[in-house]
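Student: Build me a model from this:
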Amino acid sequence: MGISNSNSEEDTTSQLLFPQDPTSNPTAINAPKKLALLPLVFLIYFEVSGGPYGEESAVGATGPLFAILGFLVFPFIWSIPEALITAELATAFPGNGGFVIWAHHAFGPFWGSLMGAWKFLSGVINLASYPVLCVDYLKLVIPILSSGFPRYVAIFVSTLVLSFLNYTGLSIVGYTAVTLGIVSLLPFLVMTLFAIPMIEPVRWLSLGQKGVKKDWTLFFNTLFWNLNFWDNASTLAGEVDQPQKTYPKALFSAVILSCFGYLIPLMAATGAIPLNQEDWADGYLATVAEMIAGKWLKIWIELGAVLSVVGLYEAQLTSSAYQVLGMAELGFLPRIFGARSQWFNTPWLGILISTVVPLVVSYMDFADIISSANFLYSLGMLLEFASFLWLRRKSPEVKRPFSVPLGFSGLVVMCLIPSVFLVYVMTVATKPVLLISSLLTLVGIGWYFLMNLCRSKMWFQFIKGENQLDKDDHDV
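Tutor: Have a look, this model is predicted:
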């Protein structure tokens with residue numbers, strides 16, 4: 001229960017700014033409609049993929065055969081288990097906190113708060129990479145954006161513009177994602193059709209060129225970066241129409257769309273042209289498209305890359321902003337962090353925070369950005385797997401509209417395989433990444449105790465007076 005004010009006028013204003021129960025909130029009657037299935041599918045798609053942009057490094061690292069096998073096999077050992085876990089927990093514990101709620105129910109408020117810190121920081125660090133990518137593509141057309149002050153201004157302006165779109169409403173963002181997804185995938189469909197007569201299947205079996213050393217760290221980081229974050233959309237559960245039915249359908253559809261979105265263009269490109277492995281770096285698919293069909297298709301794919309980055313940014317920003325909202329509703333953050341816009345019903349403060357932090361991070365080295373995001377995300381995922389297994393073992397009575405169809409031993413194996421990969425990603429991290437991740441983890445721990453102090457001293461209002469689960473859900 002939140003702290004109440006004696007002043008009735010202040011209380012009314014508080015209800016308008018911080019809606020909790022739609023039945024008691026005057027603004028809820030005119031609130032935007034809940035997020036439907038199709039926009040949720042494309043929001044999940046952009047949380048994870050956004051198209052084959054960025055998969056080129058897998059070919060450059062290990063050659064066509066391992067790259068194809070990676071994008072074929074990795075979804076089964078990583079993407080599908082993560083999507084299944086998200087479907088079960090998001091339908092059993094729906095709410096804008098997502099994975100924070102799951103860790104909270106499983107292990108208590110400290111671990112819920114730490115989960116929130118890890119996932120939020122990994123999300124906003126990852127978010128910082130998208131304006132950088134957007135400017136990297138734009139500099140091909142506008143060379144002045146390559147370096148110096150114009151580059152910094154371009155990153156700053158693009159971040160603000162993209163964030164404002166998110167402020168205008170979840171439905172707008174959702175259907176924008178649908179449009180961006182279709183437009184950014186179309187040129188690869190065209191490239192595939194042009195490539196079919198040129199394909200020589202033997203090229204798919206290549207292990208790489210002689211003399212080119214395999215870079216397994218780059219290979220696995222590329223797979224991981226292109227196929228993770230399936231659980232991010234769980235922070236929108238409170239905004240989704242019939243989440244118990246919608247989430248499993250949306251996740252299954254997004255898995256299919258993402259996997260084929262990677263595999264089909266990759267097989268078309270590697271099968272249609274002779275291998276020059278050193279050329280296979282980010283952006284090379286556009287060059288391949290030019291070889292296959294002409295410069296017009298290269299320009300189309302480069303334009304699609306910019307649109308894809310916009311979709312990636314919007315989806316990640318939405319997830320991070322609603323996570324902030326959900327953590328305020330759970331009492332991990334002060335009540336003010338749950339503020340919604342009176343015009344669009346969006347979590348404006350969550351959007352603002354999720355915009356400012358990436359602006360600071362975006363001027364870091366790009367490789368350190370990605371590696372730090374992966375490290376923190378790995379910590380959060382290990383806790384998420386543990387929460388899933390603990391809740392399944394200790395709380396079988398919880399209603400699960402969707403349940404992973406495996407016994408407990410099968411679930412342990414399902415979680416163990418990707419966990420081994422997570423540990424591997426963490427062990428190959430560089431010293432700067434370890435330092436950054438350790439410092440941010442300490443910040444997350446310190447934040448939990450700071451919030452407890454603020455609650456005990458009543459320095460801020462919190463929606464829940466105590467950072468605990470409801471009485472009927474406390475003993476899990």
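
Student: Can I get stretch 273-280 in CSV? Just the C-alpha atoms.
Tutor: Output in CSV follows, covering the C-alpha atoms of stretch 273-280 (Å, rounded to 0.1, in the frame of the first residue of the first chain):
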residue,chain,number,x,y,z
ILE,A,273,29.4,-15.2,-54.3
PRO,A,274,33.0,-16.5,-53.9
LEU,A,275,34.3,-16.3,-50.4
ASN,A,276,36.6,-13.4,-49.5
GLN,A,277,36.5,-13.9,-45.7
GLU,A,278,38.3,-10.8,-44.7
ASP,A,279,35.5,-8.7,-46.3
TRP,A,280,32.9,-10.2,-44.1
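
Student: low pLDDT regions in the stretch 51-200 of the chain?
Tutor: Counting by pLDDT under 70, the stretch 51-200 of the chain shows low-confidence ranges at 137, 140.

Student: what do you get if the cut-off is 90, keeping everything else the same?
Tutor: Applying pLDDT under 90 to the stretch 51-200 of the chain picks out residues 51, 53-54, 76-80, 93-98, 121-172, 174, 184.

Student: How about the stretch 301-450 of the chain?
Tutor: In the stretch 301-450 of the chain, residues with pLDDT under 90: 302-310, 312-313, 316, 329-331, 338-339, 341-346, 354-377, 396-397, 417, 421-440.

Student: What distance do you get for the residue lying closest to residue 312 once chain neighbours are set aside to residue 340?
Tutor: In space, and not counting its chain neighbours, residue 312 is closest to residue 50: 4.5 Å by CB to CB, 6 or more residues apart in numbering. Yep, even glycine has a C-beta here, placed from its N, CA and C like the rest. From residue 50 over to residue 340 the distance is 27 Å, taken as CB to CB, to the nearest Å.

Student: more crowded one of the two?
Tutor: Comparing residue 50 with residue 340 by other CB atoms under 10 Å, the one with more neighbours is residue 50, at 31 against 20.

Student: That one: helix or strand, and which one exactly?
Tutor: Using DSSP states H and E, residue 50 sits within no helix or strand.

Student: tell me the phi and psi of it?
Tutor: phi 90, psi 10 (degrees, to the nearest 10).

Student: Need the pLDDT of it.
Tutor: pLDDT, the model's per-residue confidence, is 85 for residue 50.

Student: surely it meets residue 184?
Tutor: Yes: using CB atoms under 8 Å, residue 50 is in contact with residue 184, at 7.0 Å.

Student: quick one: common contacting residues for these two?
Tutor: 308, 311 (CB atoms under 8 Å, 6 or more residues apart in numbering).

Student: Quick check: closest non-adjacent residue to residue 271.
Tutor: residue 199 (3.8 Å).

Student: How many residues are close by that neighbour?
Tutor: Residue 199: 17 neighbours (other CB under 10 Å).

Student: now for the longest helix that the chain contains, which elements pack on it?
Tutor: In the chain, with assignment by DSSP state H, the single longest helix is helix 295-330. Applying 3 or more CB pairs under 8 Å, 6 or more residues apart in numbering; DSSP states H and E, one finds that helix 295-330 contacts helix 37-48, helix 99-107, helix 109-138, helix 148-167, helix 170-195, helix 284-293, helix 348-361.

Student: Between helix 109-138 and that helix, find me the angle.
Tutor: Counting by axes from the mean of the first three to the mean of the last three CA atoms, to 10 degrees, helix 295-330 lies at 160 degrees to helix 109-138.

Student: quick one: helix 295-330 to chain centroid distance?
Tutor: With CA atoms, centre = their mean, to the nearest Å as the basis, helix 295-330 stands 9 Å off its chain's centre.

Student: Stretch 275-292 now?
Tutor: Counting by CA atoms, centre = their mean, stretch 275-292 is centred 27 Å from the centre of its parent chain.

Student: what about that stretch, start to end distance?
Tutor: The first and last residues of stretch 275-292 sit 14 Å apart, counting by CA to CA, to the nearest Å.

Student: what comes up buried for that stretch?
Tutor: Buried residues in stretch 275-292, counted by 16 or more other CB atoms under 10 Å: 275, 277, 280, 282-292.

Student: just checking, what packs against whatever helix or strand residue 386 lives in?
Tutor: In this structure, residue 386 sits in helix 366-394 according to DSSP H and E. Contact here means 3+ CB pairs under 8 Å, 6+ apart; on that basis helix 366-394 packs against helix 80-92, helix 99-107, helix 109-138, helix 216-227, helix 408-427, helix 431-457.

Student: repeat that for 10 Å
Tutor: Contact analysis of helix 366-394 by 3 or more CB pairs under 10 Å, 6 or more residues apart in numbering; DSSP states H and E lists helix 80-92, helix 99-107, helix 109-138, helix 216-227, helix 348-361, helix 408-427, helix 431-457 as its packing neighbours.

Student: what inclination does that helix have with respect to helix 348-361?
Tutor: Using the same axes, to 10 degrees: helix 366-394 against helix 348-361 is 140 degrees.

Student: just how off-centre is helix 366-394 within its chain?
Tutor: Distance, centroid of helix 366-394 to centroid of chain: 12 Å (CA atoms, centre = their mean).

Student: Which positions within that helix qualify as buried?
Tutor: With the criterion 16+ other CB under 10 Å, helix 366-394 contains buried residues 368-392.

Student: The residue nearest to residue 312 contacts residue 258, doesn't it?
Tutor: Yes: assessed by CB atoms under 10 Å, residue 50 is found in contact with residue 258 at 8.8 Å.

Student: Need the overlap of contacts for the two.
Tutor: Residues touching both residue 50 and residue 258 (CB atoms under 10 Å, 6 or more residues apart in numbering): residue 226.

Student: that older thread, let me know the closest of the buried residues of stretch 275-292 to residue 144.
Tutor: For the buried residues of stretch 275-292, the minimum distance to residue 144 (CB to CB) is 18.7 Å, reached by residue 283.
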